[in-house]
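Colleague: sharing a model that was predicted from the sequence below.
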Amino acid sequence: MATVSKKSLLRGMAVTILATVVLYGCKDFLSTAAEPQGTLDQTTLANRTGVEGSLIAAYRTLDCTDATSGNWGCAASNWVFGSVAADDSYKGSDGLDQPPINDIEGYHWGTPSAGTYLNVKWQITYEGVVRANSTLRLLKQVVASNPTEYSQTEAAQVAGEAIFLRAHYHFEAYRMWGNVPYYREDDVDFRKPNIDSAAVITEILKDLDSAIKVLPTSPRNGQKGRASQWTAKAYKGRVLTYAHQWAAAVTVFKDVVQNGPYALETSFDRVWSAYQDATNGPETIWAYQASSKDGEPNAANANYGERLNFPYSPSHFACCGFDPPSQNLVNQFKVDPVSGLPLSITAPATWNSDNNAFVAGNMTPVDPRLDWTVGRDGVPFKDWGPYSVAWVRDPVNGGPYMPKKIIHEQGSGAEATVGWQPQQQSSINIHLFRYADLLLMLAEAEVETGDLAGATALVNQIRTRAAQTAQGPGTDRASMAIPINDPRITWAVYKVGLYPVFADAATGRTAVQTERRLELAMEGQRLFDLRRYGTFIPVITGYLRGEGGGREDARRAYKLTAELPTARHRWYAIPDDQIQLSKVGGQDMLKQNTGW
Amino acid sequence: MERVLVGKHSRLNSGLRWLCSAAISLLFALAFAGTAFGQDVPITGTVVNAAGAPIPGVTVRVEGTDARTNTDANGVYRIVAPATGTLTFAHVGSKPQIQAIGGRRTVDVTMTNVTYLEEVVVTAYTEQRRADITGAVSSADMDQAKRQTNASVVKALDATVPGVTVQTSGSPGARSTVRIRGISSFQNNDPLYIVDGTPVQDSYVNFLNPEDIQSIQVLKDASAASIYGSRASNGVIVIETTKNGPVGPPRATLRVRTGVSSPTKGLDDILLTNSLDYWRVQEQRYINAGQPVPTNVYGDPNNPTVPNYTYADAPAILTKDAFGRIVTVDPSKYSYPNTLIEPASQGTNWWKTVFSSAPVSDYNLDVRGGGDANAYAVSFNYFDQQGTAAWNDYRRGSVRVNTSFNRSKLNFGENIALTVDRHYGGTGTFDDASGENGVLGKDILIQPIVSVYDISGVNFAGAKGVPGVNSSNPLKNAWDAKDNINKNNQVFGNVFGGYDVTPQFGLKSRLGFNLQELSFAGFSAPTPQNNEAQLGNGINENNSNTVDWTWSNTARYLKTISKASVDLLVGQEANSTVNRYLQGSINNLLNTGLDSRYIQDALADPTTKNVFSSGYRTALMSFFGKAGLNFADKYVASFTLRKDGSSNLGPDHRWGTFPAVGLGWRISNEGFLQNNRIFSDVMLRYGWGRTGNQNIPAGRIVSQFGGDRGDTFYDITGSNTTIQPGFRQASLGNPNLKWESNKSTNVGADMTLFNGMFNVVLDVFNRTTDDLLYDPRTPATAGIASPPIVNIGKMQNKGFDFSVGHAGSWWNASLNGSHYNNKIVSIDGVQTSFFGPIGTRIGNSTINQVGQPIGSFYGFIADGFFRDAADVAAHATQDGAAPGRIKFRDVNGDGVINSDDQTIIGSPHPKFTMGIDLGAHRGQWDASATIFGTYGNKIFENQMDFYVFQDFSSNVRKDLLANSWTPQNLNAKYPRLDITDKYSGVISSFYVKDGAYTRLRNLQVGYTLPSGARYLPGARVYVQGENIFTHTNYDGLDPAIPAGNFTGAAGDTRDQAMGVDVGVYPTNRIFSIGIVTSF
């Protein structure tokens, strides 16, 4: 009897002890396994490294294309939304390739197909905002919990960069859609209603002013990719120009011109160049800092968003034939043989009559910027030998030309070595805002404020630089950019004339707008410029249906199905997808733009 | 978000973890203890059937102990048992017998055939009599399943088990998408497999040699499956391997099958193979569009000819004709890859170039036997199936050892399989690679004018110089990838021990393990002959290592008091999975030979080297119990309760409770049905229960941050060659994640009619999944971080399944059928729809919409073609409307065709699926056939984007020219040929086709050599054909289309992309011969 009790007692004790182990151990068994593997958490990042890394990530979305978007709809240059959708270029490629761009080119911006591209632009633009705001939140947390990580000044400078980036991304959204929601770091409701476009401008200016207050006058740490106080000031002038606040724009721009660090490059070839010594020159205000050979396995940090826009096989680049310059744009470069001024100004009825035959040996005098902007048959293609129409993927669909600014020089060594078609990718920086752009905006504002002499001088400053060099034979670097009258040039006649002082505001306006088109052609600015001028509808209608003796719908048959722009094209359609996702209680928080 | 979990003391934790599991087992052992009884004597006897013939392989057990044996080939057994004990005799297909020994030394037994309800099947951790099962449990007919030549046995389930659908491609070794009674969730709908008691989630099940499998039970409803609570939401498939052979000396069985497979249908049945025929279509596109007809390839439009060459690099060109076509070349200038010369072809049959017949062989040798206190089954398998696509091959070798030992009240043993499989061939030849990147897609995208080889006859030609073709030579693709290899090394099995404390009460512990190493090594070759030429080479490899173990401990108590019997089971289980994945790549190898394909700095361009690793771990802890009650074989009830804890879920919501109840009424045992002429045996069943799902990626309860060089890193210094690190939020965590729960109700009947002439099983079910684990999208203003996974949404599946069988004296037949109706009940209360994961050149054709089945097709309704200008004018405003183009319906009647007119245009879900099995035997001959059919499902024929609308100047259908719209052919099959028609090809019901088909899956004729035969006495030889005949209206390649491989942040989303034909490896038609012989 006694033994049995003892045994029972022992057994009971064992059960109790084990039960305790079970309860404790099993709890632990699950929670240990719940630990996520191979990721960072907020605690690890709550320090200087985290803040700086978060800020870097906010810069990265300047390209709009990153490893996560998986779509061609977005690129730093806005080539789809700013060039193809305007009169600078066509979609190109194969007729059926990337059908969303067909709809965008045809002004059918409300289709589900166009919506896929618009949605990616919206997503990545707001991802930029999210990253900037995350940086600001994290910075606040670090400053509060660990004051030794940053000096007060430096913390303010970091905040300034993030606020500037936030302003930039919202400005991108504004240029696309006008009426967009504005998000700051304390926002927690991601289904906020969009606000009126004028209110968006107010918010952007508010952020730019805060950034200007705290940013250093030269980029922090001497790192050229960072925004400085001058970047923000220049940008403020840009926003004021878009808002037609002319006087304020003139004041800000003049401050930048007189006191800022910027200047025009001496030669146009150095503006869009992959040579490291030409990168971030005096003309760069704000650029996506592309990099190749940086260890990234797909060259995703290179000019990834532009990669479709290269000549097709059998050229070195082998793909993909998108974004070919329009015939209308090519014709824009023709100049009056006597005055050297744009033919569109001196002969408005006939300047646009040339068709596909614009090849080497056509001795119509042209602005030398044509051959920095457009690849055309027989003309040296930077240092890649003569461009050939055989490099065009489908000339019937997209015409005989290809874009040239984004092409890296063979001698630059900037070409990527990894990823799909590495020969399309290079570390050529993508300009988001350059000094020539600023000067022409200042000219635009001066025309509107009545300073016609000032405006003329600025336009002529741009033209004088344009007259410095033209595309040379390109057998080596020295022969790539040569004087415009160099006898080695056998394929073209170049001429650039200067304007006499503009007679009136209308003349000045036309001259400035024409000069912007020539100088910034294929840089994704055109559609936004036209909207700002208020001339989008007549210009595009003329482009399609006839102006200056030529019409695009006769050159490219598919243009016949383009919708003629109307008031609703003032803004792009807000992606339907995002409107659906904005629903609260069945109500759309994002309101679609008028007409879509 | 707060960091919820801390893992500082990992060493201590891992110790505790083991202690925890060990402690639980000990708890069971300690908490219950008892005594034994003795006095054993040797017993022998013979087991015969009603006709007096000996039955081999009968399991003989000593009741109350685990002592057991099997009868030998002559039906004789020997066993040691207490003189006062009781013997039980069990054999599949026979009624179990119980014999009291009563001092006898010889116990002979006659066994009679069992009726359906008397079968014994393994479900829910133990064996059960069919008559005690109240849930929906179907057994696969293993003879039928094994007649199919596949690496995996699960592929045969859809023809053999009602309520189960299986989708698989013809690629050897391909995965199987098994769905039981519809779709439960927006993602991760694979069932749980229990192999010899060890749970495993595996979409291939290639580690199991089909010949080793003794039985498969499919637990279809929650009342049957909830004992496996966690992970049982999608149904459970219980697989038991063969554990023993007849008592006596080892008996070896050799099974050999060898055959030839070929695709059931070829693209050359559908597409053009002649260059000039192709040109006539293309030319018509230009003529109809009023565009100048290009002359650069086929020359004079009035007299088109195939040129001599499609492409030559400039230095090799000697003369060109008036159309700029190369007429003569200088072959001495040819050098690969710098100066290419590519001859044009009068017509390459690309299908025949890439696809052909291929051998398949399956060799099995097993040795089985045992004695009084042990049983063993050892088997060897080698399976080799070459793909019908070039250089695509699947090989598997496996060894299985199953042993068990009885020692008094103790029994123990193990079931272990070692499997090594190798899958050769590149991306695009595997099961779930599809679209343009697959070998099939490339076969459509290339034109007949492209030659297979260039003038060297050795190097591959490409489409360079052929306008519009952006694809590559599919044979070259296959060649380049021929050494790409997927390896799987796997050890799967368990060790177990049991202790029978008393005859009524037993304990069992089982440690299951699954050690798996998957690896891949791939090569990408330069393609200078393509329009989109790739010049560099590269290699990539990866290795994934998984250790998964499950320790389960159960106690079972059986008690019979008078007419009532009770069967109690309690148990505990712990499961852990740890995975680590390592991947690397490097480009521009100096030497691309197989022996130099390593990621080393000196072998390639070291700046292109890229390496990363990742991993995950999950754990589950479970407690469960089941009570089965049987009164007088009339009233049966079972109650199950399981509690599961999952590491994937929030700390406060980790534990889920999964109850189930099943009730059965064997109405035929009631007086009023006794001796009824029609209903010989009838059992009515009702089951209700809940199962769970926690199959989401690990670690999603906390927010995660990360970075990637291509996403968050940036060259802030402007160096153009260096990047600084950056971070962003990668995913949003949800600490409140809880179990997805699936409630199901099942009402069924098992019937034996007309005195055993028919066996009928009928089940009607209603399943509702609630708190769906799903990651609804957040607005872009919240960023691109993966949205939190939340418990939201509801889905319902209703349907029925049935089987009817008849076994005659020399023939048998069975029919099974099933139907389900899937419906999304709610998504998140706000959204009413979201798109599927599929992205094609024409967009996304599937949608998940409230009130509709998951993955419905969504687009415009095609209302024929515009007849003429008047028709265009009368119709709502439609972009690009013109005579001969497709007219889309103005669904909302607003006079404009736009996105608001898109609607549901079809469902990929079948309304009914069916399997028929027929068998007959006469003398030494036997024959059998299996037929499978699916009806009411639609296919979205995305391939039409290419072979009808000619995206990327792809090849086209043979009947395109003749059947396209013309003013004279208003009721044509296809719209007007028009190079400028970018409008007709948008997503619409024009792409939606009837996907029904009936297929003769298998036909086998066998002959068994007489036992007196001079050679191979008793051996059976057979010939069989698989997928010999298909009846379908589908005009694409193959109506049997598995969904492509799509994964979202919360897991596998392929169920949202069902029935979209983006080009899948076609089903194989296999003719084979085989022999089965024992010695």
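Modeller: Ah, there it is.
Colleague: got a list of what the residue nearest to residue B:512 when sequence neighbours are not counted touches?
Modeller: Closest residue to residue B:512 apart from its sequence neighbours, by Cβ to Cβ, 6 or more residues apart in numbering or on different chains: residue B:198 at 2.8 Å. All C-beta atoms are positioned from the backbone trio N, CA, C, and that covers glycine. Shown in contact with residue B:198 (Cβ atoms under 8 Å, 6 or more residues apart in numbering or on different chains): B:492-494, B:510, B:512-514, B:550.
Colleague: again, but for residue B:1057
Modeller: When contacts are counted by Cβ under 8 Å, 6+ apart, residue B:1057 touches B:836-838, B:846, B:855, B:1043-1044, B:1046.
Colleague: please identify which helix or strand holds residue A:130.
Modeller: helix A:112-145 (DSSP states H and E).
Colleague: which residues of chain A score low on pLDDT?
Modeller: The model of chain A has pLDDT under 70 over residues A:1-27, A:66-71.
Colleague: which bits of the stretch 351-500 of chain B sit near chain A?
Modeller: For the stretch 351-500 of chain B, the contact set with chain A under Cβ under 8 Å from any Cβ of the partner chain comprises B:464-465, B:467-468, B:470.
Colleague: and the two most separated of these?
Modeller: B:465 and B:470 (12.8 Å; Cβ to Cβ).
Colleague: so what sits against both of those two?
Modeller: By the contact definition Cβ under 8 Å, 6+ apart, residue B:465 and residue B:470 are jointly contacted by residue B:531.
Colleague: neighbour count: the two, which is higher?
Modeller: residue B:465 (26 against 23; other Cβ atoms under 10 Å in any protein chain shown).
Colleague: can you pull the contacts of that one?
Modeller: With Cβ under 8 Å, 6+ apart, residue B:465 has these contacts: A:314, B:309-312, B:342, B:531.
Colleague: now swap in residue A:525 and tell me
Modeller: Counting by Cβ under 8 Å, 6+ apart, residue A:525 makes contact with A:78, A:82, A:437, A:516.
Colleague: roughly how far apart are the third one and residue A:272?
Modeller: Distance, residue A:437 to residue A:272, by Cβ to Cβ, to the nearest Å: 13 Å.
Colleague: which residues do those two both contact?
Modeller: residue A:431.
Colleague: any idea how far the residue nearest to residue B:1013 when sequence neighbours are not counted lies from chain A?
Modeller: Leaving aside its sequence neighbours, residue B:1013 sits nearest to residue B:1019 (Cβ to Cβ, 6+ apart; 7.8 Å). Separation of residue B:1019 from chain A (Cβ to the nearest Cβ, to the nearest Å): 52 Å.
Colleague: quick one: contacts for residue 208?
Modeller: You didn't say which chain, so I picked chain A. Per Cβ under 8 Å, 6+ apart, neighbours of residue A:208: A:164, A:167, A:232, A:235-236, A:239.
Colleague: meant chain B, my bad for not saying
Modeller: Applying Cβ under 8 Å, 6+ apart, the residues near residue B:208 are B:152-153, B:195, B:239, B:241, B:417, B:419, B:492.
Colleague: hang on, the earlier thing: quick check, the helix holding residue A:130 touching chain B?
Modeller: Yes. Counting by Cβ under 8 Å from any Cβ, chain B has neighbours in helix A:112-145: A:112-113, A:115-116, A:119, A:122-124, A:126-127, A:129-131, A:134.
Colleague: and those, which two are the farthest apart?
Modeller: The distance between the two most remote of those (Cβ to Cβ) is 32.2 Å, for A:113 and A:134.
Colleague: who's more crowded, the two?
Modeller: Using other Cβ under 10 Å as the criterion, residue A:113 and residue A:134 rank with residue A:134 on top: 25 against 20.
Colleague: in three-state terms, label the closest residue to that one other than its chain neighbours for me.
Modeller: Once flanking residues are discounted, residue A:134 sits nearest to residue A:54: 5.5 Å by Cβ to Cβ, 6+ apart. Of the three states, residue A:54 takes helix according to DSSP: H, G, I helix; E, B strand; the rest coil.
Colleague: of all the residues in the stretch 151-300 of chain B, which one is nearest chain A?
Modeller: residue B:291 (6.7 Å; Cβ to the nearest Cβ).
Colleague: any idea which element that residue lies in?
Modeller: For residue B:291, there is no host helix or strand (DSSP H and E).
Colleague: tell me who's in contact with the residue positioned nearest the centre of chain B.
Modeller: Nearest residue to the geometric centre of chain B (Cα atoms, centre = their mean): residue B:176, 1.2 Å. Contacts for residue B:176 (Cβ under 8 Å, 6+ apart) come out as B:152, B:154-155, B:166-168, B:203-205.
Colleague: quickly note the distance from it to residue B:204.
Modeller: Per Cβ to Cβ, residue B:176 is found 7 Å from residue B:204.
Colleague: tell me, what's touching those two both at once?
Modeller: Counting by Cβ under 8 Å, 6+ apart, the shared contacts of residue B:176 and residue B:204 are residue B:152.
Colleague: among the contacts of residue B:176, which lie within strands?
Modeller: Assigned to strands by DSSP state E, the following of the contacts of residue B:176 qualify: B:166-168.
Colleague: alright, that wraps it up for me.
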